[in-house]
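Q: Structure of the sequence below:
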Amino acid sequence: MKRCAANILLAVIMIMLVSGYAGFDISPAPATALATELPGDGANFSALAYTPSPSTATAMASTPEVAGGKTNSAVSFVKVNGRRISFPDGQSVIENGRTLVPVRFIAEALGYDVDWIQESKTVTINNGQILLPIGSKTATVNGKQVTIDVPAKLIVTDGMTRTYVPLRFVSESLNCTVDWFNANRSVIINSLLPDGKEVSLYDRCYQSELFYEKIDKSNPRWESKLYLKSSLKALNDDACLDAEWLIARYFTRYPTYNIRENGSDIYILIKEPTLKTRREVKDLLMTFYPTGYEEVYDILMKTIREEIFENNGLMPGTISGTFGYRYIDNREVHINKLFSTDNIQIQVKDAGYINPEKPSLFSEEALKYKISNGVAHHYAGKWYMEKYELDKW
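A: Residues are numbered from 1 along each chain as shown. I've put the predicted structure just below:
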């Protein structure tokens, strides 16, 4: 149990190392603090000493705008394995595009040792497993040196001296995933399951507190659904009936049990691809595809507009879309527009899963014909384009 706790905190610290996210209180009684550097801040990854496994942790994304060097809290809250970590004696701040957040309470909650070496002015974690020297651009993790772009430094706040270090690398070998939910600026951290799989994205989305869960009483484990709270008129089951999109678990049904297999995790069902819904979904895609969400959104738009046909042969129930062909941020891009409805389904598979099925792609001539008859290019689809404002990305 103690080893598990140590791994989790180490992952938190390493996440912060990569995300510009960490620091540690150094006063007579050693305390800790965390500084977060969000993606886009120019962190140097060239000397990272870790090789990601096929199941990669999701990096945080979207650096907040900074006016006059200051802004509001960049991180609304942090959760570790579903439990909120509170920071009662300090709030996150932005400095030079990096978010600084106290982390002492994470260490205390997990029973993790954090020490200060006065002679070398170095913060040590877990008896030297992580070494963070003040003023140095080199940190040490598991005996290996790692380059960070900004050195650790001391900051005095409310009469207390704390050490803040821009941290920003996540290692899957530490058995944690890290998700950044841009809509409410939350950080969700989870250790891997006993079988080595990641905690389902369904549960991680729910942990973000962005979603209302409509629980299916007959099969709550598998058939429940998530709905974006901000899009509902009220937080009750009846309001979900009018929702334009939802998140559900993708699983295999057997006569006596259900199981998550073949890389399946969740799917996003878009029932009405309005501009508002598309932008809400795009915000969530940032969590699943942190560096390539713009490209995934472009594929989504082309699927809705019937301009991409990469599901030929194996997906007879669909009009347009792609599967088994494109991989972005270590995840398959599996998006399809369903026949006889306006519904769009985005399947989000496990990180690192490679689909053994491959589409039989159309010839260039056949593809041009299909696109020319899609709603974006055919006169009969004009009402559809106007109804959902599909000329707007």
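Q: can you count the residues close to residue 243?
A: The tally of other residues near residue 243 (other C-beta atoms under 10 Å) stands at 20. (Glycine included, C-beta is placed from N, CA and C.)
Q: swap in residue 240?
A: Using other C-beta under 10 Å: residue 240 sits among 19 other residues.
Q: List the contacts of it.
A: Counting by C-beta atoms under 8 Å, 6 or more residues apart in numbering, residue 240 touches 212, 214, 225, 227, 232, 246.
Q: how far away is it from residue 203?
A: 19 Å (C-beta to C-beta, to the nearest Å).
Q: got a list of what residue 327 touches?
A: If a contact means C-beta under 8 Å, 6+ apart, then residue 327 has 333, 354 as its contacts.
Q: Tell me the pLDDT of it.
A: According to the prediction, residue 327 has pLDDT 97.
Q: who does it bridge with?
A: residue 332 (DSSP bridges).
Q: farthest pair in the contacts of residue 240?
A: 225 and 232 (12.0 Å; C-beta to C-beta).
Q: rewinding a little: now, the contacts of residue 240 that are in strands?
A: 212, 214, 225, 227, 246 (DSSP state E).
Q: for the first one, what are its contacts?
A: In this structure, residue 212 makes contact with 226-229, 232, 235, 240, judged by C-beta under 8 Å, 6+ apart.
Q: Let's verify residue 230: helix, strand, or coil?
A: Here residue 230 is recorded as helix under DSSP: H, G, I helix; E, B strand; the rest coil.
Q: Ok, residue 154 next?
A: strand.
Q: And it, how far from residue 119?
A: Residue 154 is 15 Å from residue 119, by C-beta to C-beta.
Q: again with residue 328
A: 47 Å.
Q: and stretch 287-307, what's its mean pLDDT?
A: 95.
Q: Over to stretch 222-242?
A: 97.
Q: That one spans what distance, first to last residue?
A: 21 Å (C-alpha to C-alpha, to the nearest Å).
Q: From residue 268, how far out is the closest residue to residue 199 other than its chain neighbours?
A: Nearest residue to residue 199, sequence neighbours excluded (C-beta to C-beta, 6 or more residues apart in numbering): residue 190, at 4.2 Å. Residue 190 sits 20 Å away from residue 268, going by C-beta to C-beta.
Q: and what of residue 317?
A: For residue 317, the distance to residue 268 - C-beta to C-beta - is 17 Å.
Q: who has more neighbours, these two?
A: residue 268 (22 against 10).
Q: Let me see the contact set for the more buried one.
A: 245-247, 281, 284, 345-346, 348.
Q: Nearest to residue 301 among the residues you listed?
A: residue 281 (10.7 Å).
Q: pLDDT value on that closest one, please?
A: 98.
Q: next one: residue 335
A: 96.
Q: The helix or strand hosting it: what's the following helix or strand?
A: Element membership of residue 335, judged by DSSP states H and E, is strand 334-338. Once the chain leaves strand 334-338, the next helix or strand it forms, by DSSP H and E, is strand 344-348.
Q: average model confidence for the helix or strand following that next one?
A: Toward the C-terminus, strand 344-348 is succeeded by helix 364-372 as the next helix or strand (DSSP H and E). Helix 364-372 comes out with an average pLDDT of 93.
Q: Equivalent analysis for stretch 191-207, please.
A: Here the average pLDDT along stretch 191-207 is 91.
Q: Cool, thanks, signing off.
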